[in-house]
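> 3D, please:
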Amino acid sequence: MPERLRVGVIGCGLVAQTQHLPNLAALPELFELSAVCDLDLSRAKRCAERFGAGRAHRDAADLLGDELDAVVIATSGDHARLVADAAGRGLGVLVEKPLCLDVATGTALRAQLAGAEQRIMVGYMRRHDGAFRGLEQATVEVGPLRAVRARTAETAASAYLRDLPIDEDLKADEEPSRAAGEDYSFLQERTGGSALSARLYKNIVLDSLVHELNMVQALAGPASSVAFAELSETGASAQVRCERATAQLSWVATPGAGRYVQEVQVLGAAGSALVRFDSPYLPASAGLLTVEGGGPDLAATWQRTTGPAPLGPFRLELVDFHAVATGERRPKTTFDEALSDIALCEALGQAAVRGEEVQVQRAAVEAVGRPTGDGSTT
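Numbers count the residues shown, from 1 in each chain. Sure, this is the predicted structure:
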(Lines give C-alpha, C1' and ligand atoms only; values in the text may rest on other atoms or scores of the structure.)
Protein backbone atom coordinates (compact mmCIF):
# COMPACT_ATOMS: atom_id res chain seq x y z
CA MET A 1 0.00 0.00 0.00
CA PRO A 2 1.29 3.51 -0.77
CA GLU A 3 2.09 5.85 2.08
CA ARG A 4 -0.89 8.08 2.94
CA LEU A 5 0.18 11.70 3.19
CA ARG A 6 -1.31 14.36 5.44
CA VAL A 7 -1.87 17.33 3.14
CA GLY A 8 -2.94 20.92 3.65
CA VAL A 9 -4.37 23.26 1.02
CA ILE A 10 -3.55 26.98 1.14
CA GLY A 11 -6.11 29.00 -0.80
CA CYS A 12 -9.72 27.88 -1.21
CA GLY A 13 -10.53 29.82 -4.36
CA LEU A 14 -11.59 28.74 -7.84
CA VAL A 15 -8.94 26.18 -8.77
CA ALA A 16 -9.01 24.67 -5.28
CA GLN A 17 -12.80 24.24 -5.23
CA THR A 18 -13.12 23.01 -8.82
CA GLN A 19 -10.07 20.74 -8.92
CA HIS A 20 -7.60 20.34 -6.06
CA LEU A 21 -10.02 19.71 -3.20
CA PRO A 22 -12.38 17.35 -5.10
CA ASN A 23 -9.44 15.38 -6.49
CA LEU A 24 -7.73 15.09 -3.12
CA ALA A 25 -11.00 13.78 -1.70
CA ALA A 26 -11.13 11.24 -4.55
CA LEU A 27 -7.69 9.87 -3.64
CA PRO A 28 -8.16 8.73 0.00
CA GLU A 29 -5.59 5.96 -0.46
CA LEU A 30 -2.91 8.60 -1.14
CA PHE A 31 -3.95 11.67 0.84
CA GLU A 32 -5.62 12.66 4.08
CA LEU A 33 -6.94 16.21 3.77
CA SER A 34 -5.79 17.49 7.14
CA ALA A 35 -6.32 21.24 6.87
CA VAL A 36 -7.37 24.08 4.59
CA CYS A 37 -6.61 27.78 4.74
CA ASP A 38 -8.03 30.95 3.20
CA LEU A 39 -7.95 34.65 4.04
CA ASP A 40 -11.74 34.34 4.13
CA LEU A 41 -12.08 32.08 7.16
CA SER A 42 -15.75 31.39 6.51
CA ARG A 43 -14.81 30.10 3.05
CA ALA A 44 -12.12 27.90 4.58
CA LYS A 45 -14.64 26.49 7.05
CA ARG A 46 -17.15 25.74 4.28
CA CYS A 47 -14.48 23.93 2.28
CA ALA A 48 -13.33 22.00 5.34
CA GLU A 49 -16.88 20.78 5.91
CA ARG A 50 -17.54 20.04 2.24
CA PHE A 51 -14.34 18.09 1.62
CA GLY A 52 -13.71 16.56 5.02
CA ALA A 53 -10.69 18.55 6.20
CA GLY A 54 -9.88 18.30 9.88
CA ARG A 55 -9.07 21.97 10.43
CA ALA A 56 -9.71 25.37 8.85
CA HIS A 57 -7.33 28.33 9.19
CA ARG A 58 -7.16 31.94 8.08
CA ASP A 59 -3.39 32.27 8.38
CA ALA A 60 -1.06 30.08 6.28
CA ALA A 61 1.46 30.05 9.13
CA ASP A 62 -1.12 28.32 11.32
CA LEU A 63 -1.73 25.66 8.68
CA LEU A 64 2.00 25.08 8.22
CA GLY A 65 2.23 24.62 11.97
CA ASP A 66 -0.04 21.56 11.75
CA GLU A 67 1.38 18.05 11.45
CA LEU A 68 1.60 17.73 7.66
CA ASP A 69 3.58 15.83 5.05
CA ALA A 70 2.70 17.94 2.03
CA VAL A 71 0.97 21.14 1.00
CA VAL A 72 -0.88 22.40 -2.07
CA ILE A 73 -0.46 26.15 -2.61
CA ALA A 74 -3.39 27.50 -4.64
CA THR A 75 -3.36 31.21 -3.77
CA SER A 76 -3.18 34.07 -6.27
CA GLY A 77 -0.19 36.34 -6.77
CA ASP A 78 3.41 35.64 -5.78
CA HIS A 79 3.97 32.19 -4.26
CA ALA A 80 7.63 32.57 -3.34
CA ARG A 81 7.23 33.19 0.40
CA LEU A 82 4.77 30.34 0.89
CA VAL A 83 7.00 27.96 -1.08
CA ALA A 84 9.99 28.93 1.06
CA ASP A 85 8.05 28.51 4.31
CA ALA A 86 6.59 25.11 3.32
CA ALA A 87 9.80 23.70 1.86
CA GLY A 88 11.71 24.98 4.88
CA ARG A 89 9.57 22.69 7.04
CA GLY A 90 10.50 19.70 4.90
CA LEU A 91 7.09 19.41 3.23
CA GLY A 92 6.41 18.23 -0.29
CA VAL A 93 5.04 21.22 -2.21
CA LEU A 94 2.65 21.43 -5.15
CA VAL A 95 2.44 25.12 -6.06
CA GLU A 96 0.16 26.64 -8.66
CA LYS A 97 1.70 28.67 -11.45
CA PRO A 98 3.27 31.10 -11.65
CA LEU A 99 6.00 29.99 -9.27
CA CYS A 100 6.82 33.66 -8.66
CA LEU A 101 6.37 36.96 -10.46
CA ASP A 102 9.91 37.75 -11.60
CA VAL A 103 13.24 36.06 -12.25
CA ALA A 104 15.08 37.89 -9.46
CA THR A 105 12.66 36.54 -6.84
CA GLY A 106 12.86 33.03 -8.27
CA THR A 107 16.66 33.06 -8.35
CA ALA A 108 16.83 34.21 -4.73
CA LEU A 109 14.30 31.56 -3.73
CA ARG A 110 16.31 28.81 -5.41
CA ALA A 111 19.40 29.82 -3.45
CA GLN A 112 17.38 29.87 -0.22
CA LEU A 113 15.98 26.37 -0.82
CA ALA A 114 19.46 24.81 -1.02
CA GLY A 115 18.32 21.55 -2.60
CA ALA A 116 14.80 21.40 -1.17
CA GLU A 117 13.44 22.24 -4.65
CA GLN A 118 13.67 18.53 -5.49
CA ARG A 119 10.36 18.03 -3.62
CA ILE A 120 8.64 21.04 -5.20
CA MET A 121 6.32 20.46 -8.16
CA VAL A 122 4.80 23.36 -10.12
CA GLY A 123 1.15 23.11 -11.16
CA TYR A 124 1.29 22.79 -14.93
CA MET A 125 -1.48 20.20 -15.04
CA ARG A 126 -1.52 19.88 -18.86
CA ARG A 127 1.90 18.23 -18.71
CA HIS A 128 0.34 15.30 -16.80
CA ASP A 129 -2.43 14.81 -19.36
CA GLY A 130 -2.22 11.56 -21.31
CA ALA A 131 -2.85 13.40 -24.58
CA PHE A 132 0.07 15.75 -23.97
CA ARG A 133 2.37 12.85 -23.10
CA GLY A 134 1.25 11.32 -26.40
CA LEU A 135 2.08 14.61 -28.15
CA GLU A 136 5.62 14.46 -26.74
CA GLN A 137 6.05 10.98 -28.18
CA ALA A 138 4.48 12.00 -31.50
CA THR A 139 7.03 14.83 -31.78
CA VAL A 140 9.64 12.14 -32.38
CA GLU A 141 7.36 10.14 -34.69
CA VAL A 142 6.59 13.05 -37.05
CA GLY A 143 10.03 14.66 -36.77
CA PRO A 144 12.40 16.22 -37.34
CA LEU A 145 10.55 19.05 -35.62
CA ARG A 146 9.89 22.12 -37.77
CA ALA A 147 7.57 24.32 -35.70
CA VAL A 148 5.25 24.44 -32.69
CA ARG A 149 1.94 26.29 -32.55
CA ALA A 150 -0.19 27.08 -29.50
CA ARG A 151 -3.64 28.64 -29.74
CA THR A 152 -6.04 29.45 -26.89
CA ALA A 153 -9.51 30.97 -27.07
CA GLU A 154 -10.32 31.96 -23.49
CA THR A 155 -14.10 32.07 -23.21
CA ALA A 156 -16.22 33.20 -20.28
CA ALA A 157 -15.63 30.80 -17.38
CA SER A 158 -19.17 31.24 -16.09
CA ALA A 159 -20.50 28.87 -18.76
CA TYR A 160 -18.53 26.09 -17.09
CA LEU A 161 -18.91 27.22 -13.50
CA ARG A 162 -22.60 28.03 -13.11
CA ASP A 163 -23.66 24.45 -12.26
CA LEU A 164 -20.63 23.46 -10.18
CA PRO A 165 -20.93 23.14 -6.37
CA ILE A 166 -18.61 26.05 -5.59
CA ASP A 167 -19.05 29.39 -3.84
CA GLU A 168 -21.31 31.66 -5.88
CA ASP A 169 -18.92 34.63 -5.83
CA LEU A 170 -16.32 32.51 -7.69
CA LYS A 171 -18.60 32.17 -10.73
CA ALA A 172 -18.27 35.77 -11.94
CA ASP A 173 -16.24 36.41 -15.11
CA GLU A 174 -13.18 38.64 -15.06
CA GLU A 175 -11.70 40.81 -17.80
CA PRO A 176 -8.00 40.49 -18.70
CA SER A 177 -7.55 44.24 -18.14
CA ARG A 178 -8.99 44.07 -14.63
CA ALA A 179 -7.08 46.02 -12.01
CA ALA A 180 -4.64 43.87 -10.09
CA GLY A 181 -5.53 43.25 -6.48
CA GLU A 182 -2.01 44.12 -5.36
CA ASP A 183 0.63 46.68 -6.26
CA TYR A 184 2.42 45.30 -9.32
CA SER A 185 4.35 48.48 -10.09
CA PHE A 186 7.58 46.46 -10.00
CA LEU A 187 6.24 44.46 -12.98
CA GLN A 188 5.85 47.76 -14.80
CA GLU A 189 9.54 48.37 -14.15
CA ARG A 190 10.47 44.84 -15.32
CA THR A 191 8.67 45.25 -18.64
CA GLY A 192 9.26 48.97 -19.07
CA GLY A 193 5.64 49.64 -20.02
CA SER A 194 2.59 51.42 -18.69
CA ALA A 195 0.45 50.52 -15.69
CA LEU A 196 -2.09 48.95 -18.08
CA SER A 197 0.55 46.84 -19.82
CA ALA A 198 1.79 45.66 -16.42
CA ARG A 199 -1.74 44.55 -15.50
CA LEU A 200 -2.18 42.78 -18.83
CA TYR A 201 1.21 41.14 -18.39
CA LYS A 202 0.22 39.85 -14.94
CA ASN A 203 -3.34 38.82 -15.80
CA ILE A 204 -2.73 37.30 -19.25
CA VAL A 205 0.92 36.23 -19.46
CA LEU A 206 1.79 35.23 -15.89
CA ASP A 207 -1.66 33.92 -14.92
CA SER A 208 -2.60 32.10 -18.14
CA LEU A 209 -0.23 32.11 -21.11
CA VAL A 210 2.54 30.72 -18.91
CA HIS A 211 0.84 27.32 -19.37
CA GLU A 212 1.34 27.50 -23.14
CA LEU A 213 4.90 28.75 -22.74
CA ASN A 214 5.69 25.80 -20.48
CA MET A 215 4.29 23.31 -22.99
CA VAL A 216 6.16 24.96 -25.86
CA GLN A 217 9.48 24.71 -24.04
CA ALA A 218 8.76 21.10 -23.10
CA LEU A 219 8.33 20.29 -26.80
CA ALA A 220 10.83 22.59 -28.52
CA GLY A 221 13.47 23.05 -25.83
CA PRO A 222 14.56 26.15 -23.89
CA ALA A 223 13.69 29.48 -25.49
CA SER A 224 16.55 31.75 -26.53
CA SER A 225 14.57 34.84 -27.53
CA VAL A 226 11.16 36.34 -28.23
CA ALA A 227 11.28 37.54 -31.83
CA PHE A 228 7.90 39.28 -31.67
CA ALA A 229 5.19 39.89 -29.08
CA GLU A 230 1.98 41.86 -28.85
CA LEU A 231 -0.16 42.35 -25.75
CA SER A 232 -3.56 44.03 -25.62
CA GLU A 233 -6.87 43.91 -23.77
CA THR A 234 -8.09 41.28 -26.26
CA GLY A 235 -5.14 38.91 -25.91
CA ALA A 236 -1.53 38.18 -26.71
CA SER A 237 0.54 36.76 -29.56
CA ALA A 238 4.22 35.91 -29.80
CA GLN A 239 6.91 34.21 -31.84
CA VAL A 240 9.47 32.44 -29.69
CA ARG A 241 12.79 31.00 -30.85
CA CYS A 242 13.52 27.73 -29.02
CA GLU A 243 16.37 25.26 -29.14
CA ARG A 244 14.75 22.84 -31.60
CA ALA A 245 12.10 24.93 -33.37
CA THR A 246 10.33 28.28 -33.51
CA ALA A 247 6.98 28.52 -31.74
CA GLN A 248 4.00 30.69 -32.57
CA LEU A 249 1.53 31.48 -29.78
CA SER A 250 -1.88 33.11 -29.81
CA TRP A 251 -4.04 33.74 -26.72
CA VAL A 252 -7.33 35.52 -27.38
CA ALA A 253 -10.12 36.56 -25.02
CA THR A 254 -13.41 35.35 -26.55
CA PRO A 255 -15.97 36.07 -23.79
CA GLY A 256 -18.95 35.61 -26.11
CA ALA A 257 -17.89 32.21 -27.43
CA GLY A 258 -19.62 29.10 -26.21
CA ARG A 259 -16.61 26.90 -25.62
CA TYR A 260 -13.06 27.27 -24.36
CA VAL A 261 -10.41 25.93 -26.75
CA GLN A 262 -6.72 25.31 -26.20
CA GLU A 263 -4.63 23.63 -28.89
CA VAL A 264 -0.94 22.75 -29.10
CA GLN A 265 0.43 21.44 -32.39
CA VAL A 266 3.82 20.15 -33.51
CA LEU A 267 4.74 20.23 -37.20
CA GLY A 268 7.47 17.85 -38.34
CA ALA A 269 9.09 16.84 -41.59
CA ALA A 270 7.06 13.59 -41.59
CA GLY A 271 3.71 14.81 -40.30
CA SER A 272 1.96 16.72 -37.54
CA ALA A 273 0.29 16.13 -34.19
CA LEU A 274 -2.22 18.26 -32.32
CA VAL A 275 -3.68 18.06 -28.82
CA ARG A 276 -6.91 19.86 -27.99
CA PHE A 277 -7.98 20.68 -24.45
CA ASP A 278 -11.33 21.83 -23.07
CA SER A 279 -11.83 24.13 -20.07
CA PRO A 280 -9.60 23.42 -17.05
CA TYR A 281 -12.68 23.87 -14.85
CA LEU A 282 -14.36 20.72 -16.11
CA PRO A 283 -14.19 17.88 -13.56
CA ALA A 284 -12.20 15.76 -16.05
CA SER A 285 -10.69 18.06 -18.68
CA ALA A 286 -8.57 15.46 -20.48
CA GLY A 287 -7.17 16.25 -23.92
CA LEU A 288 -7.75 14.75 -27.38
CA LEU A 289 -4.71 13.88 -29.54
CA THR A 290 -4.69 13.67 -33.35
CA VAL A 291 -1.58 12.53 -35.25
CA GLU A 292 -1.24 12.73 -39.04
CA GLY A 293 1.45 11.42 -41.38
CA GLY A 294 2.23 9.78 -44.68
CA GLY A 295 4.47 10.08 -47.69
CA PRO A 296 4.48 11.75 -51.08
CA ASP A 297 1.58 9.52 -52.17
CA LEU A 298 -1.70 11.08 -50.97
CA ALA A 299 -3.32 7.65 -50.81
CA ALA A 300 -0.78 6.61 -48.19
CA THR A 301 -1.54 9.38 -45.69
CA TRP A 302 -3.03 8.40 -42.35
CA GLN A 303 -4.59 9.90 -39.24
CA ARG A 304 -5.27 8.55 -35.77
CA THR A 305 -7.06 10.10 -32.81
CA THR A 306 -6.79 9.04 -29.17
CA GLY A 307 -8.47 10.22 -25.98
CA PRO A 308 -9.84 11.77 -23.99
CA ALA A 309 -8.67 9.66 -21.06
CA PRO A 310 -11.11 8.90 -18.22
CA LEU A 311 -8.97 10.68 -15.63
CA GLY A 312 -8.35 14.40 -15.90
CA PRO A 313 -4.90 15.99 -15.61
CA PHE A 314 -5.46 17.43 -12.13
CA ARG A 315 -6.07 13.94 -10.73
CA LEU A 316 -2.99 12.58 -12.50
CA GLU A 317 -0.99 15.57 -11.27
CA LEU A 318 -1.84 14.69 -7.67
CA VAL A 319 -0.84 11.05 -8.20
CA ASP A 320 2.52 12.24 -9.50
CA PHE A 321 2.80 14.72 -6.64
CA HIS A 322 2.39 11.90 -4.14
CA ALA A 323 5.39 10.16 -5.70
CA VAL A 324 7.40 13.40 -5.55
CA ALA A 325 6.48 14.13 -1.92
CA THR A 326 7.43 10.59 -0.85
CA GLY A 327 10.76 10.81 -2.69
CA GLU A 328 9.92 8.10 -5.24
CA ARG A 329 10.64 10.30 -8.24
CA ARG A 330 11.70 13.76 -9.34
CA PRO A 331 9.01 16.28 -10.29
CA LYS A 332 7.79 16.20 -13.88
CA THR A 333 7.33 19.97 -13.73
CA THR A 334 10.35 21.24 -11.84
CA PHE A 335 11.29 24.42 -10.02
CA ASP A 336 14.00 25.15 -12.60
CA GLU A 337 11.54 24.70 -15.47
CA ALA A 338 9.15 27.15 -13.83
CA LEU A 339 11.96 29.67 -13.36
CA SER A 340 12.85 29.42 -17.04
CA ASP A 341 9.17 30.02 -17.85
CA ILE A 342 9.25 33.23 -15.81
CA ALA A 343 12.35 34.33 -17.73
CA LEU A 344 10.49 33.70 -20.99
CA CYS A 345 7.46 35.63 -19.68
CA GLU A 346 9.68 38.61 -18.88
CA ALA A 347 11.24 38.55 -22.34
CA LEU A 348 7.76 38.40 -23.90
CA GLY A 349 6.53 41.34 -21.84
CA GLN A 350 9.60 43.40 -22.76
CA ALA A 351 9.31 42.50 -26.46
CA ALA A 352 5.67 43.63 -26.46
CA VAL A 353 6.63 47.01 -24.98
CA ARG A 354 9.77 47.63 -27.06
CA GLY A 355 8.52 46.27 -30.37
CA GLU A 356 11.77 44.40 -30.93
CA GLU A 357 13.37 40.99 -30.36
CA VAL A 358 14.40 40.34 -26.73
CA GLN A 359 16.80 37.67 -25.49
CA VAL A 360 15.69 35.35 -22.67
CA GLN A 361 17.84 35.61 -19.54
CA ARG A 362 20.28 32.73 -19.88
CA ALA A 363 21.04 32.59 -16.15
CA ALA A 364 17.51 31.33 -15.55
CA VAL A 365 17.61 28.56 -18.14
CA GLU A 366 21.18 27.27 -18.34
CA ALA A 367 20.71 24.51 -15.77
CA VAL A 368 17.24 23.49 -16.93
CA GLY A 369 16.79 19.97 -18.28
CA ARG A 370 13.61 19.74 -20.33
CA PRO A 371 12.05 16.66 -21.89
CA THR A 372 12.95 16.02 -25.54
CA GLY A 373 9.84 13.99 -26.30
CA ASP A 374 11.57 10.62 -26.07
CA GLY A 375 11.91 10.55 -22.29
CA SER A 376 15.43 12.01 -22.13
CA THR A 377 16.28 15.58 -21.19
CA THR A 378 18.14 18.42 -22.79
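> Give me the contact list for the lowest-mean-pLDDT helix or strand in the chain.
Sorting the helices and strands of the chain by mean pLDDT, DSSP states H and E puts helix 185-191 at the bottom, at a mean of 84. With contact meaning CB atoms under 8 Å, 6 or more residues apart in numbering, helix 185-191 is reached by 101-102, 194-195, 197-198, 201-202, 346, 349-350, 352-353. No exception for glycine: its C-beta is placed from N, CA and C like everyone else's.
> what residue ranges in the protein are flagged as low confidence?
1, 175-183, 363-378 (pLDDT under 70).
> again, only using 50
For the chain, residues meeting the criterion pLDDT under 50 lie at 371-378.
> Show the contacting residues for the residue positioned nearest the centre of it.
Centroid check for the chain by CA atoms, centre = their mean gives Y124 as the closest residue, at 3.0 Å. By CB under 8 Å, 6+ apart, the contact set of Y124 is K97, H211, N214, M215, T333, A338.
> Roughly how far does the first one sit from E328?
Looking back up the chat, that one is K97. Separation of K97 from E328 (CB to CB, to the nearest Å): 23 Å.
> Pretty sure A147 sits against R244.
No: A147 lies out of contact with R244 (CB atoms under 8 Å); the separation is 10.0 Å.
> Please say which of those two ends up with more neighbours.
Under the neighbour definition other CB atoms under 10 Å, A147 and R244 were set side by side, and R244 has more, 18 against 15.
> which residue ranges form the helices in the stretch 1-150 of the chain?
Remark: helices assigned in the stretch 1-150 of the chain by DSSP state H, counting those that start in this stretch are 14-15, 21-25, 41-51, 60-64, 80-88, 103-113, 130-141.
> Output the ones you listed as a markdown table; include the columns distance to G268.
Below are the helices of the stretch 1-150 of the chain laid out as a markdown table (distance: least, CB to CB, whole Å):
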| stretch | distance to G268 |
| --- | --- |
| helix 14-15 | 34 |
| helix 21-25 | 34 |
| helix 41-51 | 44 |
| helix 60-64 | 45 |
| helix 80-88 | 37 |
| helix 103-113 | 32 |
| helix 130-141 | 7 |
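> Any chance of TSV for these, columns mean neighbour count and distance to E292?
Formatted as TSV, those follow (neighbours: other CB atoms under 10 Å; distance: least, CB to CB, whole Å):
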stretch	mean neighbour count	distance to E292
helix 14-15	20	33
helix 21-25	21	33
helix 41-51	18	42
helix 60-64	18	48
helix 80-88	20	41
helix 103-113	17	38
helix 130-141	21	10
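> could you pull out the helices for the stretch 251-378 of the chain?
With DSSP H, counting those that start in this stretch as the criterion, the stretch 251-378 of the chain has helices at 313-325, 335-354.
> Let me see the domain layout of this protein.
As assigned by automatic domain parsing, the chain contains the domains 5-124, 127-311+334-364.
> Can you tell me which of those is packed in deepest?
Greatest average neighbour count among the domains of the chain goes to domain 5-124 (a mean of 20), per mean count of other CB atoms under 10 Å.
> Quote the end-to-end distance of that domain.
Counting by CA to CA, to the nearest Å, you get 21 Å between the two ends of domain 5-124.
> how about the residue lying closest to R89 once chain neighbours are set aside, what does it touch?
Using CB to CB, 6 or more residues apart in numbering and skipping the chain neighbours, the partner closest in space to R89 is L64 (6.0 Å). By CB under 8 Å, 6+ apart, L64 lies in contact with G8, V71, D85, A86, R89, L91.
> Which two of these have the greatest separation?
By the measure CB to CB, G8 and D85 form the most distant pair in those, at 11.8 Å.
> got the contact list for S237?
F228, A229, E230, Q248, L249, S250, W251.
> Identify, from these, the entry nearest to E136.
Nearest to E136 among those: L249, at 18.0 Å, using CB to CB.
> Beta-bridge partners for the closest one, please?
Residues in a beta bridge with L249, per DSSP bridges, are A150, A238.
> if I look at the closest residue in space to L82 that isn't next to it in sequence, how far off is S197?
For L82, ignoring the flanking residues on the chain, the nearest one in space by CB to CB, 6+ apart is I73 at 5.1 Å. To S197, I73 is 27 Å away according to CB to CB.
> same deal with A286?
A286 is 35 Å from S197, by CB to CB.
> before we move on, what about T75?
Distance of T75 to S197, computed by CB to CB: 24 Å.
> same thing with M125?
M125 sits 28 Å away from S197, going by CB to CB.
> before we move on, the earlier item: okay, the helices of the stretch 251-378 of the chain in TSV with distance to Q262 next?
Supplementary listing: the helices of the stretch 251-378 of the chain in TSV, determined by distance: least, CB to CB, whole Å:
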stretch	distance to Q262
helix 313-325	12
helix 335-354	16
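> Select, out of these, the one closest to Q112.
Taking CB to CB, helix 335-354 is the member of those nearest to Q112, at 11.5 Å.
> For the closest one, name the packing helices and strands.
helix 103-113, strand 120-123, helix 185-191, helix 195-200, helix 210-220, strand 223-232, strand 235-242, strand 358-359 (3 or more CB pairs under 8 Å, 6 or more residues apart in numbering; DSSP states H and E).
> just so I have it, where are all the strands in the stretch 251-378 of the chain?
Taking DSSP state E, counting those that start in this stretch as the test, the strands found in the stretch 251-378 of the chain are 261-268, 271-277, 288-293, 302-306, 358-359.
> Between these, which one is closest to R162.
Closest approach to R162 among these (CB to CB): strand 261-268, 19.2 Å.
> helices and strands around the closest one, which ones?
With contacts taken as 3+ CB pairs under 8 Å, 6+ apart, strand 261-268 sits against helix 130-141, strand 145-154, helix 210-220, strand 271-277.
> Contacts made by the last one with the rest, please.
So the one you mean is strand 271-277. 126, 129, 131-132, 134-135, 138-139, 141-142, 261-266, 285, 287-294.
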